[in-house]
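> Structural data only, the sequence is not supplied:
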């Protein structure tokens, strides 16, 4: 078993690396006057002790009034930060500092909530014109570039997903393989998905190693 490190190949200007969010049931689109989406995120004990930031990338409808519309980040029911929604023409990003002891080793609840007001129309129909789209490729935790990531099987759930929120599982097989080897691969992929509680596992079988640091 050789897990990939949690550092993703997308680097921020500060030298940090971005750990993306996994796909969830609610999705990455926040629609209406008040909407929220929640993600389970697992971190290792070492990661929980480090200074960490959270980056949000988003795009909003032109009908959203920036002066009265907000995006709020909550971690484990603690409000971490709040910012005006000001991205009506292109994707914008902003960062929140995570206070000490808010992020815990193991399971964490990450929630983004949008409070949105219309620029002109206050009718019920106008609420359907209000939306903020979270960009999964630019949203997640900013870890230090030298973060060691997942180092043992107990931390499987902390494996880094790809920018679209899926967890790649790359199985390396020899050119000449057997049905027994294929069966072992399927069992291993299933064990990773179940024990890591991943909702979207992307299994790829090849004879070479992956060229990025996502998944395992």
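Yep, it's here. The shown structure was predicted, so the numbers you read here are calculated from the model rather than taken from an experiment. Residues are numbered from 1 along each chain as shown.

> contacts, neighbours, all on C-alpha from now
Noted.

> Direction included, what does the helix or strand of the chain with the lowest mean pLDDT pair up with?
Lowest by mean pLDDT, DSSP states H and E among the helices and strands of the chain is strand 201-206, with a mean of 84. Strand pairing for strand 201-206, using DSSP bridges, gives strand 167-172 (parallel).

> buried set for the least confident helix or strand of the chain?
Residues residue 201 are the ones in strand 201-206 that count as buried (16 or more other CA atoms under 10 Å).

> Mind listing residues that contact that strand?
Under the criterion CA atoms under 8 Å, 6 or more residues apart in numbering, residues 166-173, 189, 193 lie in contact with strand 201-206.

> Kindly recompute the last result at 10 Å.
161-162, 165-175, 182, 185-186, 189-190, 192-194, 210, 215-216 (CA atoms under 10 Å, 6 or more residues apart in numbering).

> so which helix or strand takes in the most far-flung residue of the chain relative to its centre?
When each C-alpha in the chain is compared with the mean C-alpha position (CA atoms, centre = their mean), residue 176 comes out farthest, at 36.9 Å. In the assignment (DSSP states H and E), residue 176 maps to no helix and no strand.

> Then the one 5 residues further on?
Taking DSSP H and E as the criterion, the element that holds residue 181 is helix 179-196.

> now for that helix, which elements pack on it?
Counting contacts by 3 or more CA pairs under 10 Å, 6 or more residues apart in numbering; DSSP states H and E, the secondary-structure elements packed against helix 179-196 are strand 167-172, strand 201-206.

> so can I have TSV of the ones you listed showing distance to residue 130?
As requested, the helices and strands packed on helix 179-196 are exported to TSV (distance: least, CA to CA, whole Å):
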stretch	distance to residue 130
strand 167-172	31
strand 201-206	32
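
> and residue 92, which of the ones you listed is closest to it?
Comparing these by their distance to residue 92 (CA to CA), the top pick is strand 167-172, with 25.2 Å.

> show me where this structure has strands.
With DSSP state E as the criterion, the chain has strands at 17-20, 29-31, 34-43, 53-60, 70-75, 78-84, 92-97, 106-115, 131-134, 140-143, 167-172, 201-206.

> can those strands go into CSV with extra columns for distance to residue 150?
Formatted as CSV, the strands of the chain follow (distance: least, CA to CA, whole Å):
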stretch, distance to residue 150
strand 17-20, 12
strand 29-31, 30
strand 34-43, 9
strand 53-60, 19
strand 70-75, 21
strand 78-84, 25
strand 92-97, 23
strand 106-115, 12
strand 131-134, 26
strand 140-143, 13
strand 167-172, 14
strand 201-206, 17
